[in-house]
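Student: can't give you the sequence, but here's the structure:
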């Protein structure tokens, strides 16, 4: 029974995966305000929403190829490979291929935790929410005293992709665990019979 539930959870996880990598993970807005003797000017320095795939694309175009490759590998390739292997193993019950596939999935399981690391990185980015800096300066120009106040404010918010990707990570981990524990139980039962 756990085998079927595990397979079902992996299919659900796959359904969460694609919105998780395509929808915005977070939005980041940074604006600067300058006030000179009562008059003020506000300008947006950064205003962007990024998904995992958009982040990979941006890193690639900025020629930060290693970082782009690592995020692509750990957030796209390994999760898809793991889900494909668990699905293939599901249709090979009790065979040597099933055992080998689950053995391989167990070995790459440590690497598939990197997708959880990506979520943690995005959480760290979100921790900058409402970070403000402010500086005040006074100038004397032709005998006139001018006050200059410069401040910046950073706002970040989790996007839909963050929630989908987090749900994917949790559901995938649970589904794989259930499927692998069912196979281990079958192997133990077969060995004791």
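Tutor: Looks like it arrived, so ask away. All figures in this text were calculated on a predicted structure; none of them were measured in a lab. Residues are numbered from 1 along each chain as shown.
Student: now the lengthiest helix in the chain, how far from the chain's geometric center?
Tutor: Scanning the chain for the helix with the most residues, using DSSP state H, yields helix 160-192. Average the C-alpha atoms of helix 160-192, do the same for its chain, and the two points are 20 Å apart (Cα atoms, centre = their mean, to the nearest Å).
Student: same check on stretch 34-44?
Tutor: On the basis of Cα atoms, centre = their mean, stretch 34-44 sits 36 Å off its chain's mean C-alpha point.
Student: that stretch - what's its average pLDDT?
Tutor: The average pLDDT within stretch 34-44 is 75.
Student: show me the shaky parts of the chain.
Tutor: The model of the chain has pLDDT under 70 over residues 37, 109-132, 193.
Student: all helices of it, in order?
Tutor: Under DSSP H, the chain gives helices at 2-22, 52-61, 65-72, 78-90, 96-112, 114-126, 160-192.
Student: show me what the longest one packs onto, helices and strands only.
Tutor: Judged by 3 or more Cβ pairs under 8 Å, 6 or more residues apart in numbering; DSSP states H and E, helix 160-192 is in contact with helix 2-22, helix 78-90, helix 96-112, helix 114-126. In short, each C-beta sits where N, CA and C put it, glycine included.
Student: counting contacts, what elements does the third one pack onto?
Tutor: Read that as helix 96-112. helix 78-90, helix 160-192.
Student: same deal with the second one?
Tutor: In this structure, helix 78-90 makes packing contacts with helix 2-22, helix 96-112, helix 114-126, helix 160-192, judged by 3+ Cβ pairs under 8 Å, 6+ apart.
Student: tell me which of the ones you listed sits nearest to residue 154.
Tutor: helix 114-126 (10.0 Å; Cβ to Cβ).
Student: now do the same contact list for residue 20.
Tutor: Going by Cβ atoms under 8 Å, 6 or more residues apart in numbering, residue 20 touches 52, 161-162, 164-168.
Student: any idea how far residue 171 is from it?
Tutor: Distance, residue 20 to residue 171, by Cβ to Cβ, to the nearest Å: 11 Å.
Student: quickly note the distance from residue 44 to residue 67.
Tutor: 26 Å.
Student: likewise for residue 6?
Tutor: 33 Å.
Student: just residue 167 next, same as before
Tutor: To residue 67, residue 167 is 25 Å away according to Cβ to Cβ.
Student: who has more neighbours, those two?
Tutor: Taking neighbours as other Cβ atoms under 10 Å, residue 167 and residue 67 compare with residue 167 leading, 17 against 13.
Student: name all residues that make contact with the more buried one.
Tutor: By Cβ under 8 Å, 6+ apart, the residues touching residue 167 are 16, 20.
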